[in-house]
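**Student:** Build the 3D model from these lines:
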Amino acid sequence: MVGASLAVALKDSGLSIAIVEAFAWKSEQQPSFDDRSIALSYGSKKILDAMSVWPEIENRCQPIKTIHVSDRGYFGATRLYHDEEKVDALGYVIENRVMGEVLQAKLESMSHVDVLMPATVEAVNESTEHVEVSVSQNDESLLLTTSLLIAADGAMSKVRDMVGISFRKDEYSQSAIIANVVTEKYHQAVAYERFTDTGPLAFLPMIAGENNEQRISVVWTIKREDQDEMMRLGDEEFLKRLQERFGYRLGRITKTGKRNVYPLALTESEQLVKDRVVVIGNAAHGLHPVSGQGFNLALRDVALLAEEISQQGVQNPVRWLGDYAESRQKDMNRVFRMTDGLVKIFSNKFMPLAHARAAGLMMVDCMPSLRHLLAKQSMGLVGKMSRLMRGVSL
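**Tutor:** Numbers count the residues shown, from 1 in each chain. Here you go, the predicted structure:
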């Protein structure tokens, strides 16, 4: 999703672009464009609008008008409101497959983009002049020569390893169960982030499904040792436990779709650039799903990198990649501190800290200035603003 977004952002660059993708768009093994959903921040909406993608997905997104944050078992909650921030929505929820359909159509209309799919990178050889990429496709070997290689191949990036960029990984001892469910009551465009003793539980509003079913995208963080048991549960027992965790704000939870489970860890590349190679998206920063920051942080990678490429060119990227990396590192560190801090603070059972959390939520809810700061972070409107983040096309 990240690599395709970057190629679309560079639609007017005039550059010859190749995308190496391991899975066909609609393959069952395709890890990006399935029935899961992502929460796009308001800042990401501005980026996609400047990329001419937003008009294609606007009517297929569910706006988030309110964000409700609570701590299970304790008093106190914080609410963020779109009208208080003077925006149409704080964010939007879209299904991955919808994003995939739009990006695929965009790429197919771009004559200067070659999509090699399914294909894999087998080796990378760097020189001062260019990068050679050995690619395997349909039992054939191809050799690509490029001025700039961008690794957007996920948290366990093979390209990152091939060029000798190390990374650190901190396990959370948690896993995330992701599913789409149907609720009895209308969500009223409210996104819920409910912290529990096993980790955060997110309920994200979705566009109504067939027969006007009220759909919710669930991201449920559980203890790692419980994931196998939870995945073996029948739908009825799974919904019973989910109901007990979330409560009845949306009435009964009546149906669930396919469940997927993902072990959670914080991964961080030790370098964002090396000579003519750049790592972006999860290859640069794999986050806990709390607050839904992952893809939004990646889109900010895309926005700034596309701007630098458009303005500086790729013949001698070494002269400007250092400034790009420095700028992105600041944003990454800010989001790392926020997401990692939230997980560790709200998963801690120490009673005085629990009461302090509750007091903190109530204080934020009562102070507009604090709510505004939290909303700006949630909407991705802090730090250096690239042209695309300001809604300005390249």
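
**Student:** Do you know the pLDDT at Arg357?
**Tutor:** You'll see Arg357 listed with a pLDDT of 60.

**Student:** And the strands in the stretch 51-200 of the chain?
**Tutor:** 62-64, 66-71, 77-81, 91-95, 113-116, 120-126, 131-137, 140-146, 149-151, 167-183, 190-196, 199-205 (DSSP state E, counting those that start in this stretch).

**Student:** who does the fourth one touch, helix- and strand-wise?
**Tutor:** Translated: strand 91-95. Other helices and strands packing on strand 91-95, by 3 or more C-beta pairs under 8 Å, 6 or more residues apart in numbering; DSSP states H and E, are strand 37-41, helix 42-50, strand 62-64. Just so you know, the C-beta spots here come from the backbone N, C-alpha and C atoms, and that holds for glycine as well.

**Student:** any idea which of those is most buried?
**Tutor:** When the helices and strands packed on strand 91-95 are scored by mean count of other C-beta atoms under 10 Å, the highest mean neighbour count falls to strand 37-41 (a mean of 26).

**Student:** Now do that strand, average pLDDT.
**Tutor:** So the average pLDDT for strand 37-41 ends up being 94.

**Student:** Quick one: list the elements packing against it.
**Tutor:** strand 91-95, helix 96-108, helix 294-312.

**Student:** of all those, which lies closest to Tyr248?
**Tutor:** Closest to Tyr248 of the helices and strands packed on strand 37-41, according to C-beta to C-beta: strand 91-95, at 21.5 Å.

**Student:** Need the residues that contact that closest one.
**Tutor:** Here strand 91-95 makes contact (C-beta atoms under 8 Å, 6 or more residues apart in numbering) with 35-42, 44-45, 57, 60-64, 67, 191, 204-207, 217, 292, 378-379.

**Student:** centre of the chain versus stretch 207-221, how much separation?
**Tutor:** In terms of C-alpha atoms, centre = their mean, to the nearest Å, the centre of stretch 207-221 is found 19 Å from the chain centre.

**Student:** The closest residue to Val343 other than its chain neighbours: what secondary structure?
**Tutor:** Of all residues not flanking Val343 in the chain, His288 sits nearest, at 5.1 Å (C-beta to C-beta, 6 or more residues apart in numbering). Three-state call for His288 (DSSP: H, G, I helix; E, B strand; the rest coil): coil.

**Student:** which helix of this structure spans the most residues?
**Tutor:** Secondary structure of the chain per DSSP state H: the longest helix is helix 318-346.

**Student:** Quick check: Asp365 is in a helix.
**Tutor:** Yes - Asp365: assigned to a helix according to three-state DSSP.

**Student:** How about it, nearest residue that isn't a chain neighbour?
**Tutor:** Thr78 (4.5 Å).

**Student:** do the same with Tyr192
**Tutor:** For Tyr192, the closest residue by C-beta to C-beta, 6+ apart turns out to be Phe203, at 4.2 Å.

**Student:** What is the burial count for that neighbour?
**Tutor:** Look at Phe203: counted by other C-beta atoms under 10 Å, it has 24 neighbours.

**Student:** give me the beta-bridge partners of it?
**Tutor:** Tyr192, Val218 (DSSP bridges).
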